[in-house]
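1. Here is the input, now give the coordinates:
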Amino acid sequence: LAEMLCLSGLSVALALALVPGSSEALKEGDCEVCVTFLGKFYQSLKDKDVKFNSADIEKALTASCKDTKGKENRFCYYIGATSDAATKMINEVSKPLSYHVPVEKICEKLKKKDGQICELKYDKQLDLTSVDLKKLKVKDLKKILEEWGESCKGCAEKSDFIRKITELMPKYAPAAANARTDL
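-> Coordinates of the predicted model:
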């Protein structure tokens, strides 16, 4: 019996050793911002016929990070591609990209260097065609305006923010504005 227990313990240990650890391949939804942003960036490099060397890629990355907002800006900050970044890991992106390494692999490596990079997730997008603005929190209403690059000067009440959003909706979300019936 003891021999059997020892053998089963050994097989459990062997099975655990064969299960890949958390530092291995990315799971679905891991590093969402990293994978998406670098995917778009890589495609833009190919579209613009940028030379695939580290220096040119770094220049292009810094330039594209200047226009980022929200989570993508935070990602750029983490890798050191923003002017206010404390660390510089930009070469951890530019060098592998110059060899056409898949963005998932690059993000996997970045995750090992700084776990925060893979904790970034995009905010859920509201469906402006059907959402009841009156049921949203003021914070969420402000976020809608912020995403549009607008602010609501002098807005004090929730109704002020709702009025501003419905006023600007045809400009920023024309399909949603046309689909809404409460306007």
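
2. what does stretch 101-117 contact?
-> By Cβ atoms under 8 Å, 6 or more residues apart in numbering, the residues outside stretch 101-117 that reach it are 23, 25-26, 30-31, 34-35, 38-39, 42, 75, 78-79, 87, 89, 92-93, 96-97, 118. Yep, even glycine has a C-beta here, placed from its N, CA and C like the rest.

3. Please read the previous query as pertaining to stretch 79-92.
-> With contact meaning Cβ under 8 Å, 6+ apart, stretch 79-92 is reached by 54, 58, 61-62, 65-66, 73, 76-78, 93, 106, 109-110, 113-114, 117.

4. ends of it, how far apart?
-> Its first and final residues considered, stretch 79-92 spans 8 Å by Cα to Cα, to the nearest Å.

5. And for stretch 47-60?
-> Terminal residues of stretch 47-60 are spaced 12 Å apart (Cα to Cα).

6. roughly how far is that stretch from the heart of the chain?
-> For stretch 47-60, the distance from its own C-alpha centre to the chain's C-alpha centre is 21 Å (Cα atoms, centre = their mean, to the nearest Å).

7. Could you do stretch 172-183 as well?
-> Here the centre of stretch 172-183 is set off from its chain's centre by 27 Å, with Cα atoms, centre = their mean.
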